[in-house]
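Peer 1: Could you look at this predicted model? Sequence included:
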Amino acid sequence: MLKVYGSRKCPDCTEIEKNFNELGIEYEFADITEELADLKAFLKIRDTDTVFDPIRGTGGIGIPACVDEDGQIFLDWKSYLKKLGKEPVSMASNGASCSIDGKGC
């Protein structure tokens with residue numbers, strides 16, 4: 001099953017949750033601000049996977065981060081939806097972001 005690492009305190013993460021729920025996409029949400037085990041699991045992939053290189057370079061967190069059934073990690077969930085033939089149905093954050101520069105978490 002698809003796993004989404006994020007925080008329910010993050011507008012970008014609540015946006016992905018709202019979209020996946022409305023589109024009927026099965027996933028597990030791992031809230032890294034609620035469960036220490038989820039935070040540790042996220043940090044393990046964030047510290048080692050090259051998909052996070054640009055994020056680490058800017059001081060960002062890298063959430064929401066998705067891990068598919070094959071272990072592939074991706075940050076662009078909207079492209080994931082397009083591969084499934086779906087379009088985002090709800091933009092819950094209305095462009096809000098939890099980063100200082102407004103470009104994501």
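Peer 2: Cool, got the structure. Numbering: from 1, shown residues only.

Peer 1: Identify all contacting residues around the helix or strand of the chain with the lowest mean pLDDT.
Peer 2: The helix or strand of the chain with the poorest confidence is helix 53-58; it has a mean of 89 (mean pLDDT, DSSP states H and E). Identification of contacts with helix 53-58 by Cβ atoms under 8 Å, 6 or more residues apart in numbering yields 46, 61-62, 75. C-beta here means a position set from N, CA and C on the backbone, and glycine is covered the same way.

Peer 1: what's the helix or strand just after it packed up against?
Peer 2: Using DSSP states H and E, the helix or strand that follows helix 53-58 in sequence is strand 65-67. Judged by 3 or more Cβ pairs under 8 Å, 6 or more residues apart in numbering; DSSP states H and E, strand 65-67 is in contact with strand 2-6, helix 36-48, strand 73-74.

Peer 1: if I pick the residue nearest the centre of the chain, what's in contact with it?
Peer 2: The C-alpha lying nearest the average C-alpha coordinate of the chain belongs to Pro64 (Cα atoms, centre = their mean; 1.5 Å). Taking Cβ under 8 Å, 6+ apart as the contact definition, Pro64 lies against 4-6, 10, 12-13, 16, 75, 77, 105.

Peer 1: could you give the angle of the helix or strand Asp12 falls within to strand 2-6?
Peer 2: Assigned by DSSP H and E, Asp12 belongs to helix 11-23. Interaxial angle of helix 11-23 relative to strand 2-6 (axes from the mean of the first three to the mean of the last three Cα atoms, to 10 degrees): 150 degrees.

Peer 1: This completes my enquiry, with thanks.
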